[in-house]
Every structure is written in structure tokens, then in C-alpha cells.
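Asker: Need coordinates for the following:
(one chain, ligands or ions: 1)
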Amino acid sequence: MTADGGLRTISAVRRYDAVIVGAGPAGSVSAYRLASAGARVLMLDRAAFPRDKPCGGGLTGRALRELPIDVGPVIEKEVDRFEFRLRYGPAYARTASGPLIAMTRRARLDHHLAERAAAAGAEFHDSVRVTDVTELEDGYVVRAGSARFAASTMVGADGVNGVCARALGLGSRPTYGVALEGDVVSTAAEDRRYAATAVFELGTVPGGYGWAFPKEGRINLGVGGWQREGPSLRGHLEKLCAAHGIDPARLEGVVGYRLPLRKPDAALARRRALLVGDAAGLVDPISGDGMFECFVSARVASDAVVDLLSGAESSVEPYAKRLERRLCRLTSASWSAKIAFDRFPWLSFQLTRPGFVWPIVEALIRGEIDHPGSSRGLGRTALKLLDAGSRRLTGGQRIWHEPGPSALG
Ligand SMILES: Cc1cc2nc3c(=O)[nH]c(=O)nc-3n(C[C@H](O)[C@H](O)[C@H](O)COP(=O)(O)OP(=O)(O)OC[C@H]3O[C@@H](n4cnc5c(N)ncnc54)[C@H](O)[C@@H]3O)c2cc1C
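Answerer: Residues are numbered from 1 along each chain as shown. Coordinates of the predicted model:
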């Protein structure tokens, strides 16, 4: 052993180009992309796979567009119809011209993505919990119990409760949301009721909403909101069940989990290390979705790692600006909508209800536009009003800083 933590031990082990901590969607897609580009990749996860992760399991069209892996084998249902209801009262439905969300279950999806990463050449070890990271001049040593792994670059993909952000001096305490979900085994009548339909119950949970999503032989029901709603979530979930004529006692596997909403000053990359997905706090404020952001960050991150490994860049730090450029305006608009819905649910519901707003929502979910500011027509005017109202509420301040024009400017 050497005084600096065991360099002699390290030189005896295989050195990787990249070590990825966490094999959720962000980690596995990063591993897949890097291994496909020819890098020697090691991916570690503390859980034994297949493992579940509390999630609605909805893959939006924009998430699917970013995925380099065919997930057809693990898709259980497709949704092309949305129902929106305010405080379990007035409701409306909209049907899209094609699928908007592909429904999966995370135990299946995450296992599939990890397998595809391994098939592309990444070395994957599950049941390995990373406890510590040491930064060296030219890389990192990752410690998992008595085992050590050395790599030139590091991708922190260990989710909202991970160790990488702190160990690498990245991130900063995000704003947290929290959500609780469970499944019921569906009856034939429930399968018909929720066929190809996602239900969104707005104005029911402060800082969030309730949902009902169809799965194969199951309906997933969940509620999410600001972190302070944590103690009330079980009550909110019971109300959601009652509104859907479902006995809460039928719910299986009810689990809660945090949702990290990044603050703009949180550092995402330093020297040879970066954060992706929930570890970077990239969850979308209004929808609570995070898988699209996992896939975008995995793509931008793997490009930055390849640039460093090939000598085109001297660090992975360009990652942060590139990711910001891609996500910032969407995040800004999303924060605006979240604040407006939270403070003026009735008005926000009425502003977004007209038929001419729906094509924008549809285009955003499908990833046909990057943010609402690139839309046109009356729908854009309605969303600008929502944005203006939200800005008044925050004293003219945007919660999110933006490079260039405002999200709806
Ligand atoms: C209730 C709920 C519903 C949601 N619904 C949706 C939805 O419908 N659609 C959507 O797009 N998003 C949804 N989200 C958000 C989505 O689940 C997350 O954004 C997504 O899981 C983030 O993926 P990730 O790969 O960054 O992290 P994770 O999926 O959390 O994976 C992190 C991995 O790191 C591993 N890990 C952690 N610590 C260590 C360690 N020390 N050593 C080794 N491994 C470690 C964990 O075991 C885990 O496998 C929902 C979230 C919640 C809470």
C-alpha cells in the first residue's frame, strides 16, 4: 500500500477509460454509448439486477427519440390519449395522432438497458456498492468495500441518493420533490377504462399531481409533489384511488422516492468527471419525468468523455454548457408552468385547456420541438400568459437562468 491510498494496488488492476457508477437509465445508456465508441467501460451498481425503481415507467416520445437502444421488448402499452382533471372536478380529454408515451416497468427496462450496454462491450458488475472515490492526477479510483477500480474518467449516474456528486465536489443541494406509487392488478373493465389512456389529476397535490397509467394487466397509480408533502402522500394516494373507484387495499408495492430538481448553479462537470440523470438533478419540474433527461445527458456526457479520451479536449467540462444549451429553455418553461399550476390551478387549467394548446403539448412530449418557445400560434400566446403570470408570482425573476432568449420570449 502507498500513502496516497493504494496506487500500487491500482497498477495491478485493469485500468478503464471510464467508470460509471449506477446502472439506471442514465448509467446504462452512457455505458452503451461509450462502449459502442470503443472505450473500455466499467459499470457498477449496488443493487442486484433485475431491480425495481419507484417510477411511473412512462417513456415519452422525446425520451424514445434520444434512446440509442430498441426498447420494444419491454414496452407493455402505448398511450395516445390524455385525460386532464382539476381537483377531481372538471375534466377534458385529448387524443394524439400517434403514440405519446410508451409504458414499461422499470425492473424490465433497466435490466434490458444494462444488458444492451454489456452486449456493446461494457463490463457490468451488480451488487457492488461504491463507498468512496479518490481523485488522482490522471483519473479516479473508485472503492467498493475492499475492491478498487481505476479509470481515466468517471460518470456519476448513481441517482438522487448516490455518493458521486458529493465525492466529486459536484452538484449542490437540489430542490426535492417526492412521489409515491403502486400498482393494482387490473380487472377487464379497468383495462378497457384505461386502454391507451394516461390520466393526470391536476391541482390535487401541492407542487405536483396524481396519475393513472396503464401497464400489462396492471394500472400504476401515483402522486407526487413538493418534498414537504411527503407525510401526506399516502392520504393523497388514497384520495386518488377513491376518485378512480379503486380500493387502496388492492395497491401492491407502494414505494416513495425523491425527485431532484437541480439549481442553476450546481456544477455538473469538473476535470475528468461528470454527473448524469438524477445524480445531476435533471428531473423535469412540471412532469416529474427524468428519463428523457437521463438519455440526453448520457449522450452529451459520452461525447464529452470521448472528446477527452481522444485528446480533442483537455477535460469533460464542456459537457455542462452543452447540456445547459439543450435543456435550459425547456426547464425554464417547465418551472414557469409548475409555479402557475401550483398557485393558480383553476386559471392555469383554463389557459391550457383550449384545443389550440394541445398541438404544442403533443409536439413537446414527442420531442418535435425542444421547448414551447419554438411553437407558433394561439397556443403559444396562452403559454406566454402562463409564463407571465408565473413571473409576476416570482417578482419578475425567473427561477432558472437562461442563455439567450427566454423560454417563451
Ligand atoms: C414515483 C416516481 C415516478 C416517476 N415516473 C416517471 C415516469 O413515468 N417517466 C419518467 O421519465 N421519469 C419518471 N420518474 C423519474 C425517473 O424515475 C428518474 O428520473 C430516473 O430513474 C433517473 O434515472 P437515473 O439512471 O439517473 O437514476 P436511478 O434510476 O435512480 O439509478 C441509479 C442507480 O445507481 C445505483 N446506485 C446508487 N448508489 C450507488 C452506489 N453507492 N454504488 C453503486 N450503485 C449505486 C442504484 O442502485 C441505481 O440502480 C419518476 C420518479 C418517481 C420517484
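Asker: from here on, contacts and neighbour counts on C-alpha atoms
Answerer: Fine.
Asker: Helix, strand, or coil at Arg326?
Answerer: helix (DSSP: H, G, I helix; E, B strand; the rest coil).
Asker: for it, what are its contacts?
Answerer: Arg326 sits next to Asp370 when contact means C-alpha atoms under 8 Å, 6 or more residues apart in numbering.
Asker: What sits closest to Phe356 if chain neighbours are left out?
Answerer: Nearest non-adjacent residue to Phe356, counting by C-alpha to C-alpha, 6 or more residues apart in numbering: Gly379, 5.2 Å away.
Asker: so where's this structure shaky on pLDDT?
Answerer: For the chain, the stretches with pLDDT under 70 are 1-13, 394-409.
Asker: what does the domain assignment say about it?
Answerer: Segmentation of the chain into domains, based on automatic domain parsing, reads 7-52+107-174+262-316, 75-104+175-260, 328-393.
Asker: Next, see if the shortest one gets close to the ligand.
Answerer: So that's domain 328-393. No - residues of domain 328-393 are not located near the ligand by C-alpha under 6 Å from any ligand atom, the shortest gap being 10.9 Å.
Asker: Could you tell me the end-to-end distance of that domain?
Answerer: End-to-end distance for domain 328-393, by C-alpha to C-alpha, to the nearest Å: 20 Å.
Asker: three-state assignment of the residue nearest to Phe356?
Answerer: helix.
Asker: Is there a neighbour count for it? I'd like the number.
Answerer: Look at Gly379: counted by other C-alpha atoms under 10 Å, it has 21 neighbours.
Asker: now the strands for the stretch 1-150 of the chain?
Answerer: In the stretch 1-150 of the chain, the strands defined using DSSP state E, counting those that start in this stretch lie at 15-21, 41-44, 58-60, 77-79, 81-86, 91-95, 101-103, 123-125, 132-136, 139-144, 147-156.
Asker: Dump the ones you listed to CSV, plus distance to Glu238.
Answerer: Listed next are those as CSV, based on distance: least, C-alpha to C-alpha, whole Å:
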stretch, distance to Glu238
strand 15-21, 36
strand 41-44, 37
strand 58-60, 21
strand 77-79, 24
strand 81-86, 17
strand 91-95, 20
strand 101-103, 23
strand 123-125, 39
strand 132-136, 40
strand 139-144, 40
strand 147-156, 36
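Asker: did I read that right, Ser336 in a helix?
Answerer: Yes - counting by three-state DSSP, Ser336 is part of a helix.
Asker: Let me know whether it touches Leu386 as I believe.
Answerer: Yes - proximity of Ser336 to Leu386 meets the contact threshold set by C-alpha atoms under 8 Å, at 7.2 Å.
Asker: which of those two has more neighbours?
Answerer: Ser336 (28 against 24).
Asker: Please report how far the more buried one lies from the ligand.
Answerer: 19 Å (C-alpha to the nearest ligand atom, to the nearest Å).
Asker: if I look at that residue, how far off is Val184?
Answerer: The spacing between Ser336 and Val184, counted by C-alpha to C-alpha, is 33 Å.
Asker: of all the strands of the stretch 1-150 of the chain, which lies closest to the ligand?
Answerer: The ligand sits nearest to strand 58-60 of all these, at 3.6 Å, using C-alpha to the nearest ligand atom.
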